[in-house]
Structures are given as structure tokens and as C-alpha cells.
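Undergrad: quick one, what's the 3D model for this:
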Amino acid sequence: MFHKITSLATLPDYILLVGFANGEFKQFDLKPLMDKYPPFATLKDVDGLYEQAKIDAGGYGIVWNDDLDISAEGIYEKGVACAAPDDVEKYRQSLLSALTKARQDAGLSQKQLEILSGVAQPCIARTEKGATDPKLSTLLKMLEPLGLTLSITSI
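TA: Below is the predicted model of the structure:
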């Protein structure tokens, strides 16, 4: 049976939180792979690489670059079942919508925001579409020229 990945979060300590099309969530610990396979060790060795994990185009796996990926089936089979994160996707979409609206309200194009923030326009486009999970530092760079900050509040 094929398991399609629909959501991904990089958690601390090199653990992936992966959502599947069937509604199940799995936590997948990358540390055993890092210890066994040298290419996976680069996730620790290259600053920021781990956080760049993304779902491949068809949902068949998780990719970092041309040399580093892991299949959806491997994650599904070896991952540990866990509860769905409460409203994570809702909060993510809300944040991305607010970011897009703020850019538009400021009368800035994505290219103008690129110049002001230092974040590449294609990255801005993917972020606004929800096609990527940007690093916190990327979000903060995009918010600053818009006169916005990010805050954490109790719910």
C-alpha cells in the first residue's frame, strides 16, 4: 500500500513529524540513520540543512537535496504513531495568510519584499502559497520590512 505524505514538521532532536493522507501521524527519529549512513550525518554537520526538509512533489517522501531523501514508506513503516497536532495547520495557514495580506497592504510586490528582506522572491512565493515550511529566521526577515513581529501567546 502506498502512503502519501501531506504534512511535515521538523522537531527538535532530529525528529520528523509526518502527516499522511490517511489521517495518521508518525514521528520519525533520524538519529539512527545519521549514525549509520554518512549522507544523513550532514543533517547535523551542515547548519540549517535539517530544517530545510520538504515533502517531494508527489508526497512520496521527504527530501533535503539531490543526495538526501527518505521514502514515505520507510517513514510510515519505521515511524512511531502519534496523535495529530492540535490545529497546527490552521495556525500555519493563518500566519501565512497574515504575512501575504501584510505585504499586499503595504503595496509591495514579492520582488520588492525580496530586496527589502534579503529573502529570494521564489522562496517568498512558495511561502505565501503554503508550499514550504519556512525557517523561523526566514519568516522574521520577511516580517521586519513590513513593520511586523512574531509573538507567542497562550491559547
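Undergrad: what packs against the helix or strand of the chain at the bottom of the mean pLDDT ranking?
TA: Lowest mean confidence among the helices and strands of the chain (mean pLDDT, DSSP states H and E): helix 88-105, at a mean of 86. On a contact count with 3 or more C-beta pairs under 8 Å, 6 or more residues apart in numbering; DSSP states H and E, helix 88-105 meets strand 5-11, helix 121-129, helix 136-143. C-beta here means a position set from N, CA and C on the backbone, and glycine is covered the same way.
Undergrad: dump those into TSV; add mean neighbour count, mean pLDDT and distance to residue 28 as well.
TA: As requested, those are exported to TSV (neighbours: other C-beta atoms under 10 Å; pLDDT from 0 to 100; distance: least, C-beta to C-beta, whole Å):
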stretch	mean neighbour count	mean pLDDT	distance to residue 28
strand 5-11	17	89	10
helix 121-129	16	93	23
helix 136-143	17	92	21
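Undergrad: mind checking which of the ones you listed is nearest residue 19?
TA: Closest to residue 19 of these is strand 5-11 (C-beta to C-beta; 3.5 Å).
Undergrad: could you check the pLDDT of the residue nearest the centre of the chain?
TA: Centroid-nearest residue in the chain, with C-alpha atoms, centre = their mean: residue 133, separated by 2.8 Å. With respect to pLDDT, residue 133 has a value of 79.
Undergrad: do the same with residue 84
TA: We have a pLDDT of 74 for residue 84.
Undergrad: cool, and residue 87?
TA: Residue 87 carries a pLDDT value of 64.
Undergrad: swap in residue 67?
TA: At residue 67, the model reports a pLDDT of 87.
Undergrad: go on, the one 10 residues further on?
TA: On the pLDDT scale, residue 77 is placed at 95.
Undergrad: quick check: it vs residue 143, distance?
TA: 39 Å (C-beta to C-beta, to the nearest Å).
Undergrad: wouldn't residue 31 be in contact with residue 16 here?
TA: No - here residue 31 lies out of contact with residue 16, judged by C-beta atoms under 8 Å, at a distance of 11.1 Å.
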